[in-house]
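My questions are about this predicted structure, shown below with the sequence.
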Amino acid sequence: MPVSKEALDEIALSQQEYQLIVEKLGREPTEVELGMFGALWSEHCGYKHSKALLKQLPSTSKRVLVKPGEENAGVIDIGDGLVIIMKIESHNHPSYIEPYQGAATGVGGIVRDIFTMGARPIALMNSLRFGPLTDAHNRYLFGGVVGGIAGYGNCLGIPDVGGEIYFTDCYSDNPLVNALCLGIAEARHLVRARAYGEGNLLMLVGADTGRDGIHGASGLASRTFEDERELRSTVQVGNPFLEKLLIEACLELSKTDWIAGMQDLGAAGLTSSAVESASRGGCGIEIDVLKVPRREKGMTPYEVMLSESQERMLVVVKKGYEHKVKALFDRWELRSDIIGFVNGNNLARIKEGDKVVAEVPVNMLSSSPVYRKRVNKPQWIEGLQSLDVASVPDLPARKVKTTLLRLLSSPNISSRRCVYRQYDHQVGDDTVVVPGSDAAVIRIKGTKKAISLTTDGNGRYCYVNPYLGGVIAVAEAARNLVCSGAQPLAVTDCLNFGNPEKDDVYYQLKECIAGMARACRELKLPVISGNVSLYNETRGEGIYPTPVVGMVGLIDDVAKHCTSGFKKEGDLVFLLGEGINIDGSIGGTEYLELMHRMVKGNPHIDLEKEKRLQRCCLEAIKRGLINSAHDCSEGGLAVALAESCLASGMGFIGSPWDIDGRLDAALFGEAQSRIVVSIAPKSSWKLQKLADRFQVDAVRLGVVSGRRFILNGYVDLPLKEIGEAWSGGLEKLL
Amino acid sequence: MKFGIIIFPGTWSDRDCYYSLNNILKQKVDYIWHKETDLSGYDCVILPGGFSYGDYLRPGAIARFSPVMTALEGFASRGKLTIGICNGFQILCESGLLPGVLLRNIHLEYRCQWAYLKVENKSTAFTSNCQNGRALKIPISHYEGRYYADDATLAQLENYNRVVFRYATPEGQVTEASNPNGSLHNIAGIINKKGNVLGMMPHPERSCEALLGSTDGNLIWESIIAGI
């Protein structure tokens, strides 16, 4: 055994995996080969613990042109010769170690994934989780991450149109930073991430290669933090200006016929981008590391192949066109070098001058082992789910007002304006609905269409019930899009979990994916791309299982989009979907955690009702019946109503509601499948008729009126007061 | 009437300016690469927003050395209209075509939000269509937008009516609370002595359609078009 355990730990390979490599190769691997296996067989690149489970997720629909895995991201046809590409990716571990650069390069990486396909990035979103901001280190992480997203994204001129931020203890040493990017392209200009054509040239473009980020994929993204080792050097440093030049140059290049393919360098650097594009193209590659421009002297072939220096692209140039391509990059003041070529023998051959330092069949590198586990439901999850609702004292009527104000000022519910105003959300002149509503709306120039975009994922629901949590993540994202008037089209997902080698975590992963798969099938939504981030544990403490669902929808006529704020004095307010009286609906809620310090019980969802509700609401918006629509989520019905008031500064007077169960469940329960809508009084019967047709309940809640927020008998407050609670909740902690 | 939009490496408002002028206001527009040295043929040149050269040194400090800036000096000295928006304003200050400097926002945060601008001088070539006195709703998006100049320069600007826009409330009141970045005298935009070079931090190209929340930016573009 010529390789030490320490060496294998460094690249997160097990002894068994090492033996497998020796068996397959028929010899011991060289140092460079071992490094390449370590990177490509890591969870981050190879999905060895998740691949078998991810297969459950549907990936086709009549609009899907390219399936995930075939390329960097799936491609969705939106008509008019246009396609949408989107992907979400985590940068959790780097952001924990160095929050500003970790988050910044997370944005940079996901943006490259999009423009490498020839699509112009037109929207960014971020889904973030932190520990409570009462802790100084969490404030440091939060400030750094938000600063990094702003610093990088703003420089690129891509609007950051929203996302989510939640706080709870389990993220204290494991913050989650998931970045989503969406791009648009003309279908005919799509670029494939594949190397093909023997003799075609491999051109490396952009930044010089340095020692930063080595072992990012294997070391940072694919194992837990058991000790306090200095890992900062594995985080890369971003250069958004260089990325901006790459965007413009690569988009210009995508409109030529000079290239066979293009692939960005992300996790595992040159190793993964070269091997993955060769694998997709069914060919081999040969690279001479001496031709790779370096940032520092004395780098070994191993370091060059595994560096994760940012802002680099690998372009497969058709033979004979290299001078034209180089001239294009020169004009953008970008360095470009030919570092190798495509060969016909299916080998990945890495040379240092004349010396071969690695030679491995491409398919051996790209087919990592797949692990499956048989696991049972852990006892402690049973315990979490068995909430005896009767043992929780109901909320007395006199306490509704203070409870509402506390929920509105909770960092998980209050206004995110103090964050999103740091992101340029308007550049591009397409942002019709800015952050703060249920979903962002971005118009498509040259058409009447718009797309709607959201992210969603409630870790608390998934913690108490991974399966239902997975169902809800998908259902709620779709509901958010429907509230904006969009037909949901496709999903990208980022699965943030703990160490999958532990049975309990594997159970969470398995159940959560099963729940998501079920909801995707029921709602007919393909998953077109995604990322798994496992090993989110520090010193054995894992996070809540946190799937983040990014979803895109299509609005045929942008003039008919809808937002969450009330629009007109005198409009009637209805609740569509599940009604008011669902006693169990305090399970897993923000209310239960905030007021009773309990994270217990089951969330509540009925997918059949959800489907009918979404169809009904979308139809009503398309017919122009609805003036505002807002999903009931964290904080329940009372909070949703208050938010619809605050979004436009209009008051609400509730009619006496027919509450025949628990008061807390009626006001603050988080039963899914509910949308608060406002309509002109004359449309009332039409809405009722439509609701009957879709078998959806429509309960009248009150009327848009004045400047006060009045829930009959429980709350009577000036809007100003609830507005102060809501708008200051997060900001005052910073 | 022909507009030219200068592109430096790192510029990003170029496409928004182009769209607003070409698609909405139906004007002839060209992109101008920063290495161009000839600006003849243009009636108005725009230096758009963005992060030229990444703004890594000081915003605009590198861009001012681009070849096109020499041509722009000649262009401006012939009295041709020049408008610098956001990064463009910073470049104009760095190049000396406008006085003063744009410092980091007082709260040390980037700000992207709607701003309301009181039009202080309605007789410029850029504001002649803003006669009704209403505050303009035009968004800002910058990290370094806090206008600063020494007292003598400020006095010059104020005495000669060269402060064109000030941050204000929606009703047009110039207040401390309506100042989003700590600019001296709430300054959002100024003009040169001759009155043909305007610099402003807010983005008129982002407020040309009701769908996007405001059409007030058009008042500035239409003023330029009407004057030529």
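All right, it came through fine. What you see is a predicted model, and the numbers here were worked out from it, not measured in a lab.

where along the stretch 151-300 of chain A do the helices fall?
When secondary structure is read from DSSP state H, counting those that start in this stretch, the stretch 151-300 of chain A shows helices at A:240-254, A:269-281.

Pick the most deeply packed of the ones you listed.
Ranked by mean neighbour count, those are led by helix A:269-281 with a mean of 26 (mean count of other CB atoms under 10 Å in any protein chain shown). Yep, even glycine has a C-beta here, placed from its N, CA and C like the rest.

Can I get that helix in PDB? Just the C-alpha atoms.
The C-alpha trace of helix A:269-281 is given here as PDB (Å, rounded to 0.1, in the frame of the first residue of the first chain):
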ATOM      1  CA  GLY A 269     -10.800  23.000 -12.100                       C
ATOM      2  CA  LEU A 270      -9.200  21.800 -15.300                       C
ATOM      3  CA  THR A 271      -9.600  18.200 -14.200                       C
ATOM      4  CA  SER A 272     -13.400  18.200 -14.200                       C
ATOM      5  CA  SER A 273     -14.000  20.600 -17.100                       C
ATOM      6  CA  ALA A 274     -11.700  18.600 -19.400                       C
ATOM      7  CA  VAL A 275     -12.800  15.200 -18.300                       C
ATOM      8  CA  GLU A 276     -16.500  16.000 -18.200                       C
ATOM      9  CA  SER A 277     -16.500  17.600 -21.600                       C
ATOM     10  CA  ALA A 278     -14.500  14.600 -23.100                       C
ATOM     11  CA  SER A 279     -16.900  12.200 -21.400                       C
ATOM     12  CA  ARG A 280     -20.000  14.000 -22.900                       C
ATOM     13  CA  GLY A 281     -18.300  14.100 -26.300                       C
END
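
now it: mean pLDDT?
pLDDT averaged over helix A:269-281 equals 91, rounded to a whole number.

Which elements pack onto it?
Judged by 3 or more CB pairs under 8 Å, 6 or more residues apart in numbering or on different chains; DSSP states H and E, the packing partners of helix A:269-281 are helix A:31-40, strand A:259-264, strand A:284-288, helix A:301-306, strand A:312-317, strand A:336-343, strand A:347-352, helix A:362-366.

one more time with 7 Å
Of the remaining helices and strands, those touching helix A:269-281 by 3 or more CB pairs under 7 Å, 6 or more residues apart in numbering or on different chains; DSSP states H and E are helix A:31-40, strand A:259-264, strand A:284-288, helix A:301-306, strand A:312-317, strand A:347-352, helix A:362-366.

Any idea how many residues pack against the closest residue to chain B within the stretch 601-734 of chain A?
In the stretch 601-734 of chain A, the residue found nearest to chain B is residue A:734; the distance is 10.0 Å by CB to the nearest CB. Residue neighbour count, defined by other CB atoms under 10 Å in any protein chain shown, stands at 12 for residue A:734.

who are the neighbours in contact with it?
For residue A:734, the contact set (CB atoms under 7 Å, 6 or more residues apart in numbering or on different chains) comprises A:133, A:139, A:418.

between the helices and strands packed on helix A:269-281, which gets nearest to chain B?
When these are ranked by distance to chain B, counting by CB to the nearest CB, first place goes to strand A:312-317 at 16.6 Å.

Who are the packing partners of the closest one?
Under the contact criterion of 3+ CB pairs under 7 Å, 6+ apart, the helices and strands touching strand A:312-317 comprise strand A:201-206, strand A:259-264, helix A:269-281.

So which elements touch the helix or strand that that strand is followed by?
For strand A:312-317, the succeeding helix or strand toward the C-terminus, using DSSP states H and E, is helix A:322-331. Applying 3+ CB pairs under 7 Å, 6+ apart, one finds that helix A:322-331 makes contact with strand A:201-206, helix A:240-254, strand A:336-343.

I'd say residue A:419 and residue A:146 touch.
Yes. Between residue A:419 and residue A:146 a contact is recorded at 5.7 Å, counting by CB atoms under 7 Å.

Partner strands of the longest strand along chain B, with direction?
The strand of greatest length in chain B, counted in residues with DSSP state E as the criterion, is given as strand B:111-119. Take DSSP bridges as the rule and strand B:111-119 pairs in its sheet with strand B:136-142 (antiparallel), strand B:163-168 (antiparallel).

The longest one: how far from the chain's middle?
Here the centre of mass of C-alpha atoms in strand B:136-142, compared against the chain's by CA atoms, centre = their mean, to the nearest Å, lies 11 Å away.

what mean pLDDT does it have?
Mean predicted confidence for strand B:136-142 is 98.

ok, which residues in the stretch 401-550 of chain A are in contact with chain B?
Taking CB under 7 Å from any CB of the partner chain as the criterion, the neighbours of chain B within the stretch 401-550 of chain A are A:421, A:422, A:423, A:424, A:425, A:426, A:427, A:428, A:429, A:432, A:443, A:445.

ok, which pair from those is furthest apart?
A:422 and A:445 (26.1 Å; CB to CB).

and of the helices and strands packed on helix A:322-331, who's closest to chain B?
Comparing these by their distance to chain B (CB to the nearest CB), the top pick is helix A:240-254, with 2.8 Å.
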